[in-house]
Structures are given as C-alpha cells and as structure tokens.
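generate a structure from the sequence data that follows.
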Amino acid sequence: MHEIRLLLRKDLFILLNNLKLILRNPLRLLPYGALIGYFSFIYWQRTKNREDRGLDDVQNLNIDGMPEVDFAVQNIIGGITILALGFLVFQLYRATKNNVSFFKMADVNLLFTAPVKPENLLLYYMGRSILPSLGGSLLFLIYGGSQMAGQFEITFGNATFLVVGFALFLFMVFPIRFLIYTLHTKYGVMEYIRGGIIGLGVGLALIILIPGFMAEKFWQGMFSGIASPWFDLFPIVGWSRGIMGYVAHGNALLSIAFIGLYGLTYFTIVKLVIQYAGYYYEDVLEATKTNEDKLDKARGKQEVDEGTYSLNAKKQLALPDFGAGAKAFYWRNYVHSSRQDFHPLFGIYSLSMAGIGIVMAGLSNFDWFSHKVFYVYLLFMLFFYFMAGIGRANIGDLKKPFFILVPASWSVKFWNMIKLDIVQTLIFAAVLIVPSVFLSHISLGLIPLFLIGIVVFYLIGFAINLIPQVALDEGWDRKLIKPFMIGGIFLFGIIPTVVMSVLVFIITKQFVWTLFTCVIGMTLVAAILLHVSLDVLKRLEFKEM
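Alright, predicted model coming up:
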C-alpha cells in the first residue's frame, strides 16, 4: 500500500508541474477556450430550438393506438452499436497480434528497475489508465451533448451517466487485451483465442444480417435486434449502452446495475492478470517502445518510415523465386504491404474507407441525406489519394541507394515501383464505387470515371513531389524553387481544371459531368507530369532524397 501512495504522489507532482507550465504560458489555453466556446454556442442554439418546438412533438401512434416504431431512432442506436461492436472485436483481435502497455519509457527506465513489486505497479497503472478514457468521454459529452441538445436536456445526472458509460467502454478494452496476451504467454492458447474472437465476429454479423433478411425492408430489420433493449445485456457494448440509456429511461438503478457489472468484470480481470502475469516486464517492453516511437513520429521527433502504422509487422512470408531486375521492386512492396495490413491488396484500412462510402450511399438512397454527401466523400477520397501520392515519394524505393543499380530501364523501374499502389488503388476504388452506385441508384458513368480519376490523382501527387526531389540537387534550390514549381503546376494545371469542373456543375447540376470534366483535365496534367518524371528520374544518383 505504501508503494501505491508513492506512485500516486509521483503523478500528483507531475500534474502540479504541468499546471505551473500552463500558468507560465496561459496562451496554451486559447485553443481549448475557443473549442469550448464553439460547442457552448452550438448547445445554446440546439436548446433554443428545443424550447421553440415546445410541446409540438407528440408520440406517433398506429391504427390500434399503440406506439409506432421510430425507425430513425432505431437506426441511429443500431448504427452506433455496430460501430462499438466493430471497435471491440477489432481491439480483441489486435490483442492476438501484439501486447498492450500501460507504461511509458520513463516508467521502464525508472520504476521497472526500482525495488517495487511488479504486481503493485501493474495494478496502479492499469487503474490509472481510466483517466485518458475519462478525458475522451468529456470530449464526447461536449461534442455529442451540444449536437443532441435539441432532443434532450443535459442535466447533472444525464452528463454523469453519459461520461461513465463511454469511459468504462474505452477503459475496459485494454485490461481485456492485456489478459488475452497474458494467457497466451502463460499457456500458448493464442490460436484458440483467435478462433473464439473470429467466431464472435461471425455471430454478431449473423445477429445483424438475419433479422434484416427476414424483415420487409432490410435496412429496418438489420437494426431491430441490436437496437432492442435485450441487447443491453451484451457484455461491454451493451452495458455501456445501458448506462448511457439513463438519458432516455431515467432509471438510475438500472444504470447503476450495469456499472456494477463493469466493476465485477474489472475485479475478475485484475485477479486473473495478477495471478497469471508473473514477471511481465519483458512482455510490455516492446509494446511500450512501439507506442513511444509512434508519439515521437507524430510530434516530428522521428522520421516516418515504411513500417509506420503496420498492423501485421511480424508476419513471415514464404514467397517463390520472383525473378531478377525491376520486378524485385514490385515484390519488395508486396512484402511490405503484407506486413502493413492483413492482406497486401485489400486490407482493413481499405475495407474501412470503402465501408464508410458504401454506408453513405445506402443512407442516401433511404433519404437520410442528399446524394451530395456521398459525392463529397468521393471527392475526399480523390484528395486523400492525391496526398498519398505525395507521401509515397518520400519513402520507399527512392530512399534506397540500390535503386540506380538495378539492371533495367528507368521506365520499367518506375512502373514496378508504383505497380502495387496502382493495383491496390483500383481494387479499393472498385469495391467502393460499384456497390455504392447500385445502392444509391446514381449514374453508372461514375464507375469508370472514379476508377480512372483516383489513379490519376495519385499519380499527380506522386509526380508533384518526385520531380523537385530528383531535379533539384541542392537543399536551398528545393526550398526556393520547389514552391514555384508546385505553384505553377497548381496555377496552370490543377486550378483551371477545378474551376472548369465547378462551372460544369453549375450549368448541368450533374455530378457525373463534373467528374468527367475533372478527370479529363487531370489526366492531361498527369500525362505531362509523368513525362517530366521519367525524364528527370534518369538523373537519380546516390544522394539524399
């Protein structure tokens, strides 16, 4: 117990020092003040709208006088529940790949070497990890409460149960992940655990899909199961929903009962972890170092390398003899992509972005919002792949000195360098646009246009960053001339195409013709930039890129 008090005193001193730093420079609080002011204004507007409506809102009744099902509310609850379930299953699956750490490198260097019981350290830091979850919950309350103030009033009780429910959900995931890895370290049961998690995901998918197929309208039926009150009994996700449901049902005893289930579960996990963790220091060292490196890269203290954000970094591949020459670049990227995600061509990252677009297309077909929202998402994807092309020139084969030594023509080397990216981009674009077009009943012409456009935008971004890096030898030349080169590309190529596309949209009011104009213009820009890229690529030598 004495060690717990010392650890608590240490954290209090850290908190006090951070407060002193803020007092020395109060300007740090300006962004937070602006954020709170913005959400306060939104909350005031929503509250004012609710008061203006007054008692106009009445309960909808069917012919028999019974309350009708509010499908809008059901779909919102069901959609949020699906997101929470997806997050939970994904985090559990990640636990089968790597460990989770509650520590930082300072703890590793100081506390791990101190005469402190490992059990007390783990117990204290596992409990302390609820603080970031509470901070995230407060942000959720500030944002979500301001947006939903038109539907319900934010009282002290409502706010308390909202924060607690959201915080406990975020908090409980990480002790469970730690327990999974602990059991694997102790007994080597990872394959059984992974099979159970996959089975859980399949079972949840069936709970969602079966009621949808049985209902008259799939979109109404798919949420009927997970949005029903009985699903509140589902561990973690359902419990949090039951706690936060106090806003609707006002039953404090029910919400407290779900908090009690969380407390019992946490107590059980702690007992199991303490019993089976043993000397866990070595297990968390790698995870701690990995987390620290990610923070340093986000802050700009470390250079971003090819392994950043890898989901499957330890994957071992047994590839056949893939030949010599420029093909090696393609297979090198193939191996790297296999470790970056769970599949080299279409992984979780691509599936998530495509899934968001398909959901938007489906919602637009059900008149939840205009097709323009889906069109904006398509434009965002074009911009996203434009930025991905810019980043691709900073890492990868061009950063390796052996690029110039491969016995092949420059055009062949250039093609094999970007071949996998093009294949991945086309697969992602096809998975996104084909079902979305049929779901939302929009023009079939968007399919080929989007497939061509996303590749064109990627190539433009790649060339924009590649040309100055290769053509300009000196660092000062890059700093002084590069802005003018990029500015000229935008001024005489990209901006006129964008302006022409906007004019076409104003005249025709058709997104398909707007995208057609944009793709034609950007294709011409890409053709010119690729010709220049191949010309300057021949000047690549052993030099810092």
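
for G245, grab the count of nearby residues.
Neighbour count of G245, defined by other C-beta atoms under 10 Å: 21. For glycine as for every other residue, the C-beta is placed from the backbone atoms N, C-alpha and C.

wait, V431 sits on A354?
Yes. With contact defined as C-beta atoms under 8 Å, V431 reaches A354; the gap is 4.6 Å.

show me which of those two is the more surrounded one.
A354 (21 against 18).

residues in contact with the more buried one?
The contact partners of A354, taken as C-beta atoms under 8 Å, 6 or more residues apart in numbering, are 428, 431-432.

now name the helix or strand holding the spatially closest residue to F102 that is not a sequence neighbour.
Sequence neighbours aside, Y125 is the residue nearest to F102 in space, at 4.0 Å (criterion: C-beta to C-beta, 6 or more residues apart in numbering). Element membership for Y125 (DSSP states H and E) is helix 118-128.

same for that helix, what does it pack against?
Using 3 or more C-beta pairs under 8 Å, 6 or more residues apart in numbering; DSSP states H and E as the contact criterion, the elements in contact with helix 118-128 are helix 2-24, helix 252-277.

now the strands for the stretch 51-200 of the chain?
Ranges of strands within the stretch 51-200 of the chain: none, based on DSSP state E, counting those that start in this stretch.

where does the prediction get shaky in the stretch 401-545 of the chain?
401-410, 469-482, 538-545 (pLDDT under 70).

apply 50 and report the result again.
541-545 (pLDDT under 50).

flag every buried residue along stretch 73-90.
74-75, 77-79, 81-82, 84-85, 88-90 (16 or more other C-beta atoms under 10 Å).

oh, I was asking about stretch 244-262
Result for stretch 244-262 [16+ other C-beta under 10 Å]: buried residues 244-247, 255, 258-259, 261-262.

average pLDDT across it?
Mean pLDDT, computed over stretch 244-262, is 88.

what does stretch 36-45 give?
Rounded mean pLDDT across stretch 36-45 is 69.

may I ask which helix or strand encompasses D421?
D421 belongs to helix 410-440, assigned by DSSP H and E.

doesn't L30 make contact with I22?
No. Using C-beta under 8 Å, I22 is not in contact with L30, being 11.4 Å away.

what's the closest residue to I422 other than its chain neighbours in contact with, if anything?
Distances taken as C-beta to C-beta, 6+ apart put V455 closest to I422, at 6.0 Å, once the chain neighbours are dropped. By C-beta under 8 Å, 6+ apart, the contact list for V455 reads 422, 425-426, 429.

so which of those residues is the closest to M214?
A429 (33.3 Å; C-beta to C-beta).

helix/strand/coil for S224?
With DSSP: H, G, I helix; E, B strand; the rest coil as the basis, S224 sits in coil.

measure the closest residue to it other than its chain neighbours to E191 for me?
Nearest in space to S224, with sequence neighbours left out and distances taken as C-beta to C-beta, 6+ apart, is P211 at 4.9 Å. To E191, P211 is 32 Å away according to C-beta to C-beta, to the nearest Å.

ok, now L85?
For L85 relative to E191 (C-beta to C-beta), the value is 23 Å.

same question, G225
From G225 over to E191 the distance is 30 Å, taken as C-beta to C-beta.

looking at the two, which has the bigger crowd around it?
G225 (19 against 10).

can you tell me the helix or strand for the residue nearest to I422?
helix 446-471.

residues of that helix that come out buried?
Neighbour-count burial for helix 446-471 [16+ other C-beta under 10 Å]: 446-447, 449-471.

off-centre distance for it?
24 Å (C-alpha atoms, centre = their mean, to the nearest Å).

for stretch 197-216, same thing?
Relative to its chain's centre, stretch 197-216 lies at 24 Å (C-alpha atoms, centre = their mean).

which residues touch M500?
Residues near M500 by C-beta under 8 Å, 6+ apart: 517, 521.

that one falls within a helix, correct?
Yes. According to three-state DSSP, M500 belongs to a helix.

quick check: end-to-end length of stretch 275-282?
Start-to-end span of stretch 275-282 (C-alpha to C-alpha, to the nearest Å) is 17 Å.

what lies in contact with that stretch?
108, 112, 118-119, 122, 178-179, 182-183, 185-186, 283.

list the buried residues in it.
277, 280-281.

tell me the least confident of those?
The member of the buried residues of stretch 275-282 with the lowest pLDDT is A277, at 71.

show me the contacts for M244.
Neighbours of M244 in contact, by C-beta under 8 Å, 6+ apart: 161-162, 165-166.

same question, K117
K117 touches E3, counting by C-beta under 8 Å, 6+ apart.

what's the spacing between it and S40?
46 Å.

and for K104?
As for K104, its distance to S40 is 34 Å (criterion: C-beta to C-beta).

which of those two has more residues huddled nearby?
A side-by-side neighbour count of K104 and S40, using other C-beta under 10 Å, places K104 first with 15 against 12.

circling back to that earlier point, hey, least reliable of the helices and strands packed on helix 118-128 by pLDDT?
helix 2-24 (a mean of 82).

tell me what angle that one forms with helix 118-128.
Interaxial angle of helix 2-24 relative to helix 118-128 (axes from the mean of the first three to the mean of the last three C-alpha atoms, to 10 degrees): 40 degrees.

give the buried residues for helix 2-24.
3, 7.

do the same with stretch 510-525
Buried, per 16+ other C-beta under 10 Å, within stretch 510-525: 511-523, 525.

now, which of these sits nearest S133?
F511 (41.2 Å).

against F450, how distant is that closest one?
11 Å.

ok, the residue lying closest to L382 once chain neighbours are set aside to H531 distance?
Of all residues not flanking L382 in the chain, F457 sits nearest, at 4.7 Å (C-beta to C-beta, 6+ apart). F457 sits 17 Å away from H531, going by C-beta to C-beta.
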